[in-house]
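A.B. asks: Structure of the sequence below:
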Amino acid sequence: MNQKIYFVDTFTEKTFSGNAAGVVFHKGEIDGNTMQNIAFENNLSETAFINTAKENEIKFYSPTIEVDLCGHATLASAFIFFNFIDKKATDTIFKSNRGELKVTKKEDSLVMSLPKDYPRKIDDIEKISDALNCQVIEVFRGIDDFLAIVKDESIVETIDPNIEKIAELDSRGLIVSAKGETTDFTSRVFGPNVGVDEDPVTGSAHALLATYWGDVLNLQKMKARQASKRGGELICEVLENNVEITGKAKLYLQGEIYF
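C.D. replies: Residues are numbered from 1 along each chain as shown. Sure, this is the predicted structure:
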C-alpha cells in the first residue's frame, strides 16, 4: 500500500521552526498499529491521520502513543486540506476523540477552535518544583496536563527540568508558564510520557494556558510565545466554550509511504 504524507511546520512562517507534524489523508482503513508504526518512523511529536471516508475523522499519534487531542497537528492537517485536498474551502471540521475541531482560513493564517480546558488548583507544589528544578508558585491540573506557574519569563526560558521525574507524573505532560515581557504569557511544555521530552509548540496546551491567563490578566485575546529551541508564536482568544488559536504554517515535505 502506498500513501501520501506531508510534513508541516506549524505556528511559524518559515521552515525549521515552530512544531513539525506529519499529516496523512486516507480513504481506506489504516489500523491503529500501523498508524503507530508510521508515527514512530516519522519521529515527530505528532502525526495526524485523517479518514476522508469517515467525514474527516482525525487520529493523533506521538512516536509512542495515541493522544486524544493535538493542536499543532490539527493546524497542519487544515493547512494540507486547504492547499491540497479542497483549495476552494475556507473552513473545515475534523472529528476527533474530543469532539469537532473547526479550522478557518483567515488571510494568511489559520484559526483553530479547541474546547476550553479549565484549570483546577492542586497542592503538589513541592513535587512539581522538584521535577522542574525551580520554585513553582502555583500548580493547576487540566484534562491532560499539569500547569506550573513561575515568577517570571526568565525562569521559563532557563529551567533545566528533570525529565525522569516529569515522566513519573500522572499526566500527559507538564506545562511551565509565566507572564510574558514582549507577549502576554510565555510557556514551555514537557511530555516524556508521550515520547516527547520537550514539545516545540503545543496548540492543545494553550486551551489550558489561555483559559488560565485570560482570567488572571482579564483579557479575552492574548499573544503567546512558547520558548522552546525552535520557538513559536500564537494568538489566543478565549470564548464561552472554546479557545480560538491563530497560527501560520509552512510545508516542509511531501512524499509517499510504502507499507
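A.B. asks: Show the contacting residues for residue 48.
C.D. replies: 21-24, 58-61, 70, 73-74, 76-77 (C-beta atoms under 8 Å, 6 or more residues apart in numbering). Just so you know, the C-beta spots here come from the backbone N, C-alpha and C atoms, and that holds for glycine as well.
A.B. asks: typo on my end, it should be residue 59
C.D. replies: By C-beta under 8 Å, 6+ apart, the residues touching residue 59 are 32, 35, 48-51, 66, 96-97.
A.B. asks: Of the residues you listed, which is the nearest to residue 17?
C.D. replies: residue 48 (19.5 Å; C-beta to C-beta).
A.B. asks: hang on, the earlier thing: just curious, which of the contacts of residue 59 is nearest to residue 141?
C.D. replies: residue 97 (19.4 Å).
A.B. asks: In space, what's closest to the closest one - neighbours in sequence excluded?
C.D. replies: Nearest non-adjacent residue to residue 97, counting by C-beta to C-beta, 6 or more residues apart in numbering: residue 68, 4.0 Å away.
A.B. asks: Hmm, residue 60 and that neighbour touching each other?
C.D. replies: Yes: at 7.4 Å, residue 68 counts as touching residue 60 under the criterion of C-beta atoms under 8 Å.
A.B. asks: Now do the shared contacts for those two.
C.D. replies: With C-beta under 8 Å, 6+ apart, residue 68 and residue 60 have common neighbours residue 96.
A.B. asks: Of the two, give the one with the bigger neighbour count.
C.D. replies: residue 60 (28 against 14; other C-beta atoms under 10 Å).
A.B. asks: what are the ranges of the helices in the stretch 101-250 of the chain?
C.D. replies: 125-132, 153-158, 163-167, 205-217 (DSSP state H, counting those that start in this stretch).
A.B. asks: mind checking which of the ones you listed is nearest residue 104?
C.D. replies: Among those, if distance is taken as C-beta to C-beta, the winner is helix 205-217, at 16.7 Å.
A.B. asks: ok, and for the closest one, which residues are buried?
C.D. replies: Going by neighbour count (16 or more other C-beta atoms under 10 Å), the buried part of helix 205-217 is 205-214.
A.B. asks: rewinding a little: take the helices of the stretch 101-250 of the chain and lay them out in CSV including distance to residue 105 and mean pLDDT.
C.D. replies: Shown next, in CSV, are these (distance: least, C-beta to C-beta, whole Å; pLDDT from 0 to 100):
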stretch, distance to residue 105, mean pLDDT
helix 125-132, 38, 97
helix 153-158, 32, 97
helix 163-167, 36, 97
helix 205-217, 20, 98
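A.B. asks: Out of those helices, flag the one nearest residue 194.
C.D. replies: helix 163-167 (10.0 Å).
A.B. asks: So which elements touch the closest one?
C.D. replies: helix 125-132 (3 or more C-beta pairs under 8 Å, 6 or more residues apart in numbering; DSSP states H and E).
A.B. asks: From the contact counts, what lies against the helix it packs on?
C.D. replies: Using 3+ C-beta pairs under 8 Å, 6+ apart: helix 125-132 touches strand 138-141, strand 145-149, helix 163-167, strand 173-179.
A.B. asks: Just put those in a markdown table and tack on mean neighbour count and distance to residue 106.
C.D. replies: Shown next, in a markdown table, are those (neighbours: other C-beta atoms under 10 Å; distance: least, C-beta to C-beta, whole Å):
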| stretch | mean neighbour count | distance to residue 106 |
| --- | --- | --- |
| strand 138-141 | 18 | 30 |
| strand 145-149 | 27 | 27 |
| helix 163-167 | 15 | 35 |
| strand 173-179 | 24 | 26 |
